[in-house]
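Peer 1: Using only what follows, build the 3D model:
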Amino acid sequence: MINTLVNLEDQEEIYTAKSPNGKTIRTHTDYWSKIKNVKHQELKYSLQDALGTISNPDFIHKSLKDDTMQIFYKTQEDGFCLICVVKALNGEGFLVTAYQTKKPKPKGELIWQK
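Peer 2: Alright, predicted model coming up:
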């Protein structure tokens, strides 16, 4: 499930997606713009694709370096894998980054699989 909220203080849209392991993951338009235009300019997928990866991944791994980081993998129609890294504490989390690769190399403990 993907939702859109509006922060009334600054009129910024906040997007949330519910992961299959029960976490509500959020991001906002400004941060997504930073991911797409600064961190990973090669990223060809949209915010909706990233939220779809979080809500309906192929599998989720726990990070090797940080137990609170989860890595969501979803193969796209063009054969690339969209990877979304989230920081998750308790029942909530936020999108840290997203990137694409042709050959994903999952590491860390598998915590969910379709």
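Peer 1: for the strand or helix carrying residue 34, which positions count as buried?
Peer 2: Following DSSP states H and E, one finds residue 34 within helix 29-34. Of the residues in helix 29-34, 31, 32 count as buried by neighbour count, 16 or more other Cβ atoms under 10 Å. Backbone N, C-alpha and C define where each C-beta goes, glycine included.
Peer 1: residue nearest the centroid of the chain?
Peer 2: Of all residues in the chain, the one closest to the mean position by Cα atoms, centre = their mean is residue 84, 3.4 Å from it.
Peer 1: That residue contacts residue 98, correct?
Peer 2: Yes - counting by Cβ atoms under 8 Å, residue 98 is a contact partner of residue 84 at 4.7 Å.
Peer 1: Tell me what the residue nearest to the centre of the chain is bridged to.
Peer 2: residue 72, residue 98 (DSSP bridges).
Peer 1: Please name the residues that touch it.
Peer 2: Listed by Cβ atoms under 8 Å, 6 or more residues apart in numbering, the contact set of residue 84 reads 50, 53, 54, 57, 71, 72, 74, 95, 97, 98.
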